[in-house]
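>>> structure here, sequence nowhere to be found:
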């Protein structure tokens with residue numbers, strides 16, 4: 001029998017979206033539990049590592065770490081193969097996307113916790129925004145085109161329209177969410193048109209967004 005799956009995250013795409021997409025593409029039913037930000041302080045101490053998303057199966061204590069959830073979803077849906085060589089190919093793309101996320105991270109962190117980046121904790125909103133604008137300008141000229149270029153190259157080498165197979169895998173779910181982050185204007189100072197300069201990534205994006213399960217997910 002199918003386990004009762006409950007995925008808990010904020011009402012944003014963020015770190016849980018790749019997992020939602022994998023479940024949806026694989027036709028796996030799950031509860032998409034979305035927590036209001038106001039409820040987070042009370043929930044946070046009850047989580048294993050002080051963060052979301054969480055995944056619980058049959059009401060058991062939840063598992064944290066979105067990468068673990070993504071691979072779990074992949075195993076359930078045959079979008080993460082048991083074959084070691086094929087799995088490594090997928091893990092390489094996910095690792096590359098993790099590197100991309102790490103490159104973007106400080107420009108988000110500066111707004112929330114400037115002290116982690118060595119700035120005074122009491123920086124004003126304007127000072128934070130000015131620092132963020134500088135960081136984002138650097139990302140736009142360097143890291144973002146570099147990573148988008150890497151992804152374009154992977155698609156070119158594979159030649160199937162997807163990253164690791166002739167059909168979607170969890171790697172495709174992972175990269176799609178990153179492209180949406182750029183295209184949806186979530187990153188202030190990063191032009192939403194940046195992906196448009198990469199023809200293979202652009203057609204990959206359109207191909208993924210046209211899949212019925214993904215279309216239905218974003219139609220609501």
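Received it, and whenever you're ready, just let me know what you need. These numbers were taken from a predicted model, which means no experiment stands behind them.

>>> what segments of this protein are strands?
Along the chain, the segments classed as strands by DSSP state E run 5-10, 31-35, 54-57, 63-64.

>>> closest one to residue 133 among these?
In terms of CB to CB, the element of the strands of the chain nearest to residue 133 is strand 5-10, at 25.0 Å. Heads up, the C-betas are built off the backbone N, CA and C, glycines and all.

>>> same for the closest one, what does it pack against?
Applying 3 or more CB pairs under 8 Å, 6 or more residues apart in numbering; DSSP states H and E, we find strand 5-10 packed against helix 17-25, strand 31-35, strand 54-57.

>>> and it with strand 31-35, angle?
With axes from the mean of the first three to the mean of the last three CA atoms, to 10 degrees applied, the angle from strand 5-10 to strand 31-35 works out at 20 degrees.

>>> what sits up against strand 5-10?
Strand 5-10 is contacted from outside by 15-16, 19-20, 23, 28-37, 40, 52-57, 59, 62, 69, using CB atoms under 8 Å, 6 or more residues apart in numbering.

>>> that older thread, so which of the helices and strands packed on strand 5-10 comes closest to residue 200?
Of all these, helix 17-25 sits nearest to residue 200, with 19.7 Å by CB to CB.

>>> phi, psi for residue 26 please.
phi -90, psi 0 (degrees, to the nearest 10).

>>> I'd say it and residue 78 touch.
Yes: under the criterion of CB atoms under 8 Å, residue 26 makes contact with residue 78 at 7.3 Å.

>>> compare the two (neighbour count), which wins?
Neighbours were counted for residue 26 and for residue 78 using other CB atoms under 10 Å; residue 26 has more, 18 against 11.

>>> burial count for residue 192?
Using other CB under 10 Å, residue 192 is surrounded by 12 other residues.

>>> identify the residues contacting it.
So residue 192 contacts 182, 183, 184, 185 (CB under 8 Å, 6+ apart).

>>> max-length helix in the chain?
In the chain, taking DSSP state H as the definition, the longest helix is helix 84-112.

>>> and the angle from that one to helix 17-25?
Here helix 84-112 runs at an angle of 130 degrees relative to helix 17-25 (the same axes, to 10 degrees).

>>> roughly how far does the residue of the chain positioned farthest from its centre sit from residue 81?
Computed with CA atoms, centre = their mean, the residue of the chain farthest from its C-alpha average is residue 122, at 30.0 Å. Applying CB to CB, to the nearest Å, the value for residue 122 to residue 81 is 50 Å.
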